[in-house]
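*Asks:* structure for this input, please:
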Amino acid sequence: MSRLLLSTCLSVSLLIAAIAEAADRPKQLVIISFDGAHDNALWLKSRQMAAKNGAHFTYFLSCTFLMNEAAKKAYQAPHQKRGKSNVGFAQSDDEIRERLGNIWHAHLEGHDISSHACGHFDGRLWSEADWSAEYATFRATLKNAWRSVGLQEPAGWQDLVDHGIEGFRAPYLSATAGADMIAAEKKAGLSYDASLVTKGPAMPVEEDGIIRFGLPLIPEGPSEKPIIGMDYNLFVRHSKGEEDTADSAEFENRAYAAFKEAFDKQYAGARIPLQLGFHFVEMNGGAYWRALDRLVSDVCHRTDVACVSYSEAIPMIEVRGKLQQTSGL
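*Replies:* As a prediction, this is how the structure comes out:
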């Protein structure tokens, strides 16, 4: 066999092997979520970002943002005074009407509507009954949301509330140690929880029927010191939690570099899903939302990447056979 023919055959064999390997590799999943889900301008901005890039997001809604003045007076979280919320309440019925429209249209567009409980309290010491009470308030608030502001609810809203809200993230990522929160989630009909923090991107685990996801620690900044992949944690590191618009571009570039490095490592490696969390607040002049926009614009159009919601990710992960069982974390 001539050297040229041998070289050609070897090149073809390597190409076939590379194609086969690529075909066998799972898509890189990118799971973007937002906590709070209140500011209507950011509802629109995030939905437009998703539509532009073929992405689906997960919105962890705090239900006090659907409570008007009458509902505010009636709301009482476990071990709290009546009418108290750490994140406030809706400011007007018109604001609620607009928010409901955003929630419903986001649902129709394929995004996850999930629970962030109601008043954003630290539940790490809550019992199963405490969590169940807060979940019940969340569901009751959503079931009555349209009628409470004088609107005819769309067909399918009750089905969304009863069957379409599948996930939960604990405020402050403060999950109850032990089984109480998980037991309450099961009783509430939830299927996944996204309240954990992991040492790096990690596959979810199944605990007593609830699939548990965790935001990863990712390297960030000149020293590449690990930080939770969430905008608020970057805000605290970059500016000690004080708004700093003068250095907004620097913070954006640092955040984007951290997001992209975390993505590239998984994309070139084991392709463990990358989870990143955000809030409906544009901290440090919108630095972290701009970094997010750059990331999803950069990666979500790739054929071997899927920017998906948590509920979409679950069957894609199950197909890989990577879902682990655990009796506790």
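*Asks:* can you give me the helices for the stretch 51-200 of the chain?
*Replies:* 69-74, 93-108, 128-143, 145-148, 157-159, 180-187 (DSSP state H, counting those that start in this stretch).
*Asks:* what's the most buried one of these?
*Replies:* Burial of these is given as mean neighbour count (mean count of other C-beta atoms under 10 Å); helix 180-187 ranks first at a mean of 21. The C-beta positions use only the backbone N, C-alpha and C, and glycine is treated the same way.
*Asks:* what sits up against it?
*Replies:* 123, 126-129, 131-132, 135, 168, 170, 175, 193, 195, 207-210 (C-beta atoms under 8 Å, 6 or more residues apart in numbering).
*Asks:* just want the angle from it to helix 128-143.
*Replies:* Compare the direction of helix 180-187 with that of helix 128-143 by axes from the mean of the first three to the mean of the last three C-alpha atoms, to 10 degrees and you get 40 degrees.
*Asks:* pretty sure A55 is in contact with I32, am I right?
*Replies:* Yes: with contact defined as C-beta atoms under 8 Å, A55 counts as touching I32 (6.8 Å).
*Asks:* shared neighbours of these two, anything?
*Replies:* Shared contacts of A55 and I32, defined by C-beta under 8 Å, 6+ apart, comprise 296, 307.
*Asks:* list the ones among the contacts of helix 180-187 that fall in strands.
*Replies:* Mapping those onto strands (DSSP state E) picks out 168, 193, 195, 207, 210.
*Asks:* out of these, who's nearest L100?
*Replies:* Checking these against L100 by C-beta to C-beta gives F168 as the nearest, at 20.3 Å.
*Asks:* tell me where the model's unsure across the chain.
*Replies:* Within the chain, the segments meeting pLDDT under 70 span 1-23, 322, 324-329.
*Asks:* and the strands in it?
*Replies:* With DSSP E, the ranges of strands along the chain come out as 28-36, 58-61, 112-115, 167-168, 192-198, 205-207, 210-220, 225-228, 274-279, 305-307, 324-326.
*Asks:* a markdown table please, covering the ones you listed and showing mean neighbour count and distance to K186.
*Replies:* Shown next, in a markdown table, are the strands of the chain (neighbours: other C-beta atoms under 10 Å; distance: least, C-beta to C-beta, whole Å):
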| stretch | mean neighbour count | distance to K186 |
| --- | --- | --- |
| strand 28-36 | 24 | 21 |
| strand 58-61 | 26 | 18 |
| strand 112-115 | 24 | 14 |
| strand 167-168 | 26 | 11 |
| strand 192-198 | 21 | 10 |
| strand 205-207 | 18 | 10 |
| strand 210-220 | 22 | 6 |
| strand 225-228 | 16 | 26 |
| strand 274-279 | 24 | 22 |
| strand 305-307 | 22 | 28 |
| strand 324-326 | 10 | 15 |
